[in-house]
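Asks: Generate coordinates for the sequence data below:
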Amino acid sequence: MLDRISLDEDQLVLNAEALSDAEINEFLTQHGCESPQSLERIGNHIYLLTSAAWTDRYIPFFADAEALWHAVRTKATKPEHHYVIGMDAQEIASLNLRLGVYFSLRSMLKSLCHHEGDDTQPMKYVFFSSKESFLTKQEVRYAMSYTDLMSIDVDEAGAKRAKTLESAVSEEDDVHCDERRHVMREALIEFFKEEDSRNVKFLMSSLGKFYQGYTERYKVYVSKFSVNKILAGIESERIGFLCKVQDAIMAQQTKAFAIPGGVVAVGAILKSTTTGWDFFVVFVGLLISTWMIASLNSNVIGHIDLLGEEFEQSVSKYDDVVVGIDEVQEEINRSRSKLSGSSSAAKSRLRTLTRISWLILVLVSLVLFERAKLV
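Replies: Numbers count the residues shown, from 1 in each chain. Predicted structure coming up:
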């Protein structure tokens, strides 16, 4: 059907010979014509350049590539349909490649800018940056001639990079989209900082450099985010281990309250004890209680040592961290110091409790021995 469109002086004409009205209307409607009946028709020739008949007054057929460029360059997005009559496939592919990069970068800039141009100063994006209390303004213009557009060296890799950049800042549902916008905006401001030609032509010409600058910045940002996450993980593990140590101590301290009670009970039993066998039973009962307390304390000390080993094994997974290694090691050492101090104090208290238990056993045994001699 496109082969039926030709240039007649300054008019684009569709040859409708041997075509039904339904076929003509379907073709025109598919390409954005809202009212095909509004187009002038003389015999089998339909004149297409009646802008009122087309959506947004955009006619997708052009006599030459420069006319197409001037018609689409101010649009927000690349039109779905655009045809240059008589242009060969290779030239069309080359033009479409540049249009794709141009509109992808336009979309990216629109997502990043703080302000767009107005009626008095159109075709630009405005960026503001503030560092050290100084506010700077950058304007990136996207107006360029057709000759400038075609002079830019663009390949498939560049088109892919442009599409990647556009997607990185346009995925609203992605929770990291705002972070990427922030990083890309900083990279863009840095990219144009020393450049006098702040325009889309320069950006398209140096797209590889900008893409590399952005990806490096984003890697650093992600690494810093990862470091903060690692630090939070280490702190969480430290708190978890300290809680386990504290729980173990609290459990043993609860059992330690049985020692004074046992001494009181022994004293009460001794009042009614009259035979050596009675003294022996009391001694054996107290010996078993003391041994159980000492054994449990020893097990808890071993458990605390095991917790320390588990902590060391847990933090060993951060040995391969490259970015932020000093911060990570500092946090690990701080956590190790706190855990070591808490563990040492806990083991010291448990050993003291064990000694007191054995001391009470010895003292009570002496009392039993003296009472047994009296009996």
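
Asks: Return the residues in contact with residue 241.
Replies: 307-308, 310-311, 339 (Cβ atoms under 8 Å, 6 or more residues apart in numbering). All C-beta spots, glycine's among them, are computed from the backbone N, C-alpha and C.

Asks: PyMOL command to pick out the buried ones of those residues?
Replies: Only the buried members of those enter the following PyMOL selection, criterion being 16 or more other Cβ atoms under 10 Å:
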select buried, resi 307+308+311+339
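
Asks: now, which of the contacts of residue 241 lie within helices?
Replies: Among the contacts of residue 241, the residues falling in helices (DSSP state H) are 307-308, 310-311, 339.

Asks: how about those residues in CSV, adding distance to residue 291?
Replies: Output for the ones in helices among the contacts of residue 241, formatted as CSV (distance: Cβ to Cβ, whole Å):
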residue, distance to residue 291
307, 25
308, 26
310, 28
311, 31
339, 30
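
Asks: re the thing from before, kindly reformat the contacts of residue 241 as a markdown table and extend each row with pLDDT.
Replies: Converted to a markdown table, those look like this (pLDDT from 0 to 100):
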| residue | pLDDT |
| --- | --- |
| 307 | 76 |
| 308 | 78 |
| 310 | 77 |
| 311 | 73 |
| 339 | 79 |
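
Asks: How about residue 244, nearest residue that isn't a chain neighbour?
Replies: The shortest distance from residue 244 to any non-neighbouring residue, by Cβ to Cβ, 6 or more residues apart in numbering, is to residue 307 (5.7 Å).

Asks: What mean pLDDT does the strand or helix carrying residue 246 get?
Replies: Residue 246 is located in helix 207-256, with elements delineated by DSSP states H and E. Across helix 207-256, pLDDT averages out at 76.

Asks: Equivalent analysis for stretch 123-141, please.
Replies: Mean pLDDT, computed over stretch 123-141, is 83.

Asks: end to end, how far does it reach?
Replies: 6 Å (Cα to Cα, to the nearest Å).

Asks: List the buried residues in it.
Replies: Those buried within stretch 123-141 under the rule 16+ other Cβ under 10 Å are 124-125, 127, 129, 138, 140-141.

Asks: and these as JSON lines, adding distance to residue 236?
Replies: Output for the buried residues of stretch 123-141, formatted as JSON lines (distance: Cβ to Cβ, whole Å):
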{"residue": "124", "distance to residue 236": "48"}
{"residue": "125", "distance to residue 236": "43"}
{"residue": "127", "distance to residue 236": "39"}
{"residue": "129", "distance to residue 236": "36"}
{"residue": "138", "distance to residue 236": "42"}
{"residue": "140", "distance to residue 236": "44"}
{"residue": "141", "distance to residue 236": "50"}
